[in-house]
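Visitor: Provided below for reference: sequence and predicted model.
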Amino acid sequence: MNLNKMSDQELINQFQNGNQQGIEVLINRHKNKVYTYILILVKDSALAEDIFQDTFIKIVHSLSSGRYKDNGKFLSWTIRIAHNLTIDHFRKIKQNSEISGESYENFILNSRKYSLGNVEDMLIKEQIRKDVRSLVDELPSEQKEVILLRHYGGLSFKDIAEQTDVSINTALGRMRYALINLRKLISEKNINLLIS
């Protein structure tokens, strides 16, 4: 029995019938997309790892208790859980007034990948990333969601459509309008997104 060839639902069934390997294969199958999605939102690898682990702990509990009902959308369901846990994290920080950029700054400054190459280019790239991310935040929520899921989360338009409960054409339309609006914002704010 090759677990890697099984569908998500078959792996869930294996896990619910006592085969722990089912959940391991399921986690390995989707870990890159889920982790990347979280990392893009929180911009801190240690925090992303924590939320990623919390996501799959919650999934294991839900599957063990039989609360998950298959509708062929396991990845979308998983991304939704990760998204909600990320939002919960930011709410807690806001409530506790512990907002601090120090951990992120330390992460950037102590990272080897940022210590190589031209420091000026690194700073420009980081500023461009911040500018683009702040522009994305100004989009209407439906357009922002499709940008985050597609470009930061790596989901296909089919997965995005399932995640947001719309047709693929609607998801594509939202992306089109998001890009049009981003171009307008870039022009209005006279933002330069090129490294000279």
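Guide: Yes, it's here. Quantities reported herein were computed from a predicted structural model and do not represent experimental measurements.
Visitor: can you count the residues close to the nearest residue to residue 47 once chain neighbours are set aside?
Guide: Leaving aside its sequence neighbours, residue 47 sits nearest to residue 89 (C-beta to C-beta, 6 or more residues apart in numbering; 7.4 Å). All C-beta spots, glycine's among them, are computed from the backbone N, C-alpha and C. Residue 89 has 17 neighbours, counted by other C-beta atoms under 10 Å.
Visitor: secondary structure element for residue 184?
Guide: If you go by DSSP states H and E, residue 184 is part of helix 168-188.
Visitor: Now tell me what touches that helix from outside.
Guide: Residues from elsewhere that reach helix 168-188 (C-beta atoms under 8 Å, 6 or more residues apart in numbering): 132, 135-136, 138-140, 142-147, 150, 157-158, 160-161, 164, 166, 191, 193.
Visitor: could you redo the last one with a cut-off of 7 Å?
Guide: 135, 138-139, 142-143, 146-147, 150, 157-158, 160-161, 164, 193 (C-beta atoms under 7 Å, 6 or more residues apart in numbering).
Visitor: As CSV, could you dump the C-alpha coordinates of it?
Guide: Written as CSV, here are the backbone C-alpha positions of helix 168-188 (Å, rounded to 0.1, in the frame of the first residue of the first chain):
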residue,chain,number,x,y,z
ILE,A,168,-12.5,30.2,-11.0
ASN,A,169,-13.6,33.0,-13.3
THR,A,170,-14.5,35.2,-10.3
ALA,A,171,-11.1,34.4,-8.7
LEU,A,172,-9.4,35.4,-12.0
GLY,A,173,-11.5,38.5,-12.2
ARG,A,174,-10.5,39.5,-8.7
MET,A,175,-6.9,39.0,-9.6
ARG,A,176,-7.2,41.2,-12.7
TYR,A,177,-8.9,44.0,-10.8
ALA,A,178,-6.3,43.7,-8.0
LEU,A,179,-3.5,44.1,-10.5
ILE,A,180,-5.2,47.1,-12.2
ASN,A,181,-5.7,48.7,-8.7
LEU,A,182,-2.1,48.0,-7.7
ARG,A,183,-0.9,49.7,-10.9
LYS,A,184,-3.1,52.8,-10.1
LEU,A,185,-1.8,52.9,-6.6
ILE,A,186,1.8,52.7,-7.8
SER,A,187,1.2,55.5,-10.2
GLU,A,188,-0.7,57.7,-7.8
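Visitor: State the mean pLDDT of the helix or strand encompassing the residue nearest to residue 47.
Guide: Assigned by DSSP H and E, residue 89 belongs to helix 74-96. Here helix 74-96 scores 82 as its mean pLDDT.
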